[in-house]
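Asks: mind folding the following:
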Amino acid sequence: PTQFEREGGTQIGGGTYWGLCRLCAYSVLQTSPHTLTFKKAFELAMKGNAKKVNMLVSDIYGGDYPQCNLPGDLVASAFGKCISLKNPSQDLTVGDIARGLLDAIAMNCAQLAYLNAVRFKITRIIFAGNFLRQNDLSMAMISYAIHYWSQGVMKACFLKHEGYCGSIGVMLLPDDELQDEENVDVNEAKHANENDKQ
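Replies: Numbers count the residues shown, from 1 in each chain. Okay, the predicted model is just below:
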């Protein structure tokens, strides 16, 4: 294909994940947020248990809910169990929160992609971006979600070297668009300098 069109997106992604992990680490567990790097948040999520924060179908119905074809291990409410936690700082670890956030954001991305795929009648969905870089947990979650919702019709695909996508996109931009952006940056810098002098 030689033509592409942007049809949507989400403000919830890697930055959301890291920001909320740091916020929860400080607010809930009184841990210094400055020590929680993006990489560390993923490492903690690997050891965390999302079932401690998520409310599952089995938590509501005591098991599967066959009338609606819902398995018991399906998440009914992300972070729903936190409503009834009396002492989160003792009941949860940063890893539990990080895993819950990781799964919630992955499911959000998967659902938006699935709905767009239904809208445009496509069966292969390509996922890319920094959030998925070396993030096997979210890739597995997205693959499962796409397979589950589409009943096996659609397939989630992941790029091996997704980090180059942004660079290639800039490289393929026409020179006049790049020149226009450079001129805008120069004009903004001049305007900022004039304001500083005033």
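
Asks: what about the host helix or strand of H147, average pLDDT?
Replies: Using DSSP states H and E, H147 sits in helix 136-150. Per-residue pLDDT over helix 136-150 has a mean of 93.

Asks: which is the next helix or strand following it?
Replies: By DSSP H and E, the next helix or strand past helix 136-150 is strand 155-158.

Asks: now for that following strand, which elements pack on it?
Replies: Applying 3 or more C-beta pairs under 8 Å, 6 or more residues apart in numbering; DSSP states H and E, we find strand 155-158 packed against strand 124-127, helix 136-150. C-beta coordinates here come from the backbone N, C-alpha and C atoms, glycine included.

Asks: return the very next helix or strand once past it as PDB; C-alpha atoms alone will do.
Replies: Downstream of strand 155-158, the next assigned helix or strand under DSSP H and E is helix 165-172. Presented in PDB, the C-alpha positions along helix 165-172 are these (Å, rounded to 0.1, in the frame of the first residue of the first chain):
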ATOM      1  CA  CYS A 165       9.100   3.600  12.800                       C
ATOM      2  CA  GLY A 166       9.200   7.200  13.900                       C
ATOM      3  CA  SER A 167      12.600   7.800  12.200                       C
ATOM      4  CA  ILE A 168      11.500   6.300   8.900                       C
ATOM      5  CA  GLY A 169       8.300   8.400   9.100                       C
ATOM      6  CA  VAL A 170      10.400  11.600   9.400                       C
ATOM      7  CA  MET A 171      12.700  10.400   6.600                       C
ATOM      8  CA  LEU A 172       9.800   9.900   4.200                       C
END
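
Asks: quick check: mean pLDDT across helix 165-172?
Replies: 73.

Asks: mind checking the longest helix of this protein?
Replies: For the chain, the longest helix by residue count, based on DSSP state H, is helix 94-120.

Asks: got the buried residues for that helix?
Replies: Neighbour counts over helix 94-120 (16 or more other C-beta atoms under 10 Å) mark 94-110, 113-114, 117 as buried.

Asks: make JSON lines from the helices and strands packed on strand 155-158 and add mean neighbour count and distance to L44 to it.
Replies: Below are the helices and strands packed on strand 155-158 laid out as JSON lines (neighbours: other C-beta atoms under 10 Å; distance: least, C-beta to C-beta, whole Å):
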{"stretch": "strand 124-127", "mean neighbour count": "16", "distance to L44": "23"}
{"stretch": "helix 136-150", "mean neighbour count": "17", "distance to L44": "12"}
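
Asks: these: which one's closest to T35?
Replies: helix 136-150 (21.5 Å; C-beta to C-beta).

Asks: and A110, how far from T10?
Replies: Separation of A110 from T10 (C-beta to C-beta, to the nearest Å): 11 Å.

Asks: dump the helices and strands packed on strand 155-158 to a markdown table, plus distance to T31.
Replies: Compiled in a markdown table, the helices and strands packed on strand 155-158 are given as follows (distance: least, C-beta to C-beta, whole Å):
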| stretch | distance to T31 |
| --- | --- |
| strand 124-127 | 31 |
| helix 136-150 | 21 |
